[in-house]
Each structure stands twice: as C-alpha cells, then as structure tokens.
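Undergrad: Sequence isn't available, so here's the structure alone:
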C-alpha cells in the first residue's frame, strides 16, 4: 500500500486552483503568484510554468 500511495503522489500531486491557474500545492504562495500575474497579466500558462518549475 505505501508504494501505491507514493505513486499516486508522484503522478497526481496535490494542487491549488488560483486565479484561473493550477499550481503545485508545495510550491504555491499566493503573493508570489500575484507578483507574477502583475508582471505578466493574462499569461496564466506562463505563470503556471514559472511557479510550478522544479529545481
């Protein structure tokens, strides 16, 4: 069962829907997302890509 749970997290990580975008919950910070939207209004996909990027 733990392996199944880990696989579920890996392929379906927790997300947050905010301002029309979908963000990984462990990377989501509303003020950061708001800053990116202020710099790139109307570019939801771009903001998602930046915020959700893995290091």
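TA: Sure thing, it's come through. These numbers come from a predicted model, not from an experiment.

Undergrad: what's near enough to touch the most centrally placed residue in the chain?
TA: The residue lying closest to the centre of the chain (Cα atoms, centre = their mean) is residue 23, at 1.7 Å. In this structure, residue 23 makes contact with 15-17, 33, 48, 51-52, judged by Cβ atoms under 8 Å, 6 or more residues apart in numbering. For every residue, glycine as well, the C-beta is placed using N, CA and C.

Undergrad: So for stretch 37-46, mean pLDDT?
TA: Rounded to a whole number, the mean pLDDT of stretch 37-46 is 97.

Undergrad: can you check stretch 11-25 too?
TA: Stretch 11-25 comes out at a mean pLDDT of 94.

Undergrad: And that stretch, what's buried?
TA: Within stretch 11-25, the residues that qualify as buried are 16, 18, 21, 23, counting by 16 or more other Cβ atoms under 10 Å.

Undergrad: Just to confirm, what's the three-state secondary structure of the residue nearest to the centre of the chain?
TA: Classification of residue 23 by DSSP: H, G, I helix; E, B strand; the rest coil places it in strand.

Undergrad: Adjust the sequence numbering to begin at 875 for everything that follows.
TA: In the new count, where the first residue is 875, that last one comes out as residue 897.

Undergrad: Look up how far residue 914 lies from it.
TA: Computed with Cβ to Cβ, to the nearest Å, the distance linking residue 897 and residue 914 is 15 Å.

Undergrad: which stretches of this protein form strands?
TA: According to DSSP state E, the chain carries its strands in the segments 889-892, 895-898.

Undergrad: gap between the first one and the chain center?
TA: Going by Cα atoms, centre = their mean, to the nearest Å, the spacing between the C-alpha centre of strand 889-892 and its chain's C-alpha centre is 7 Å.
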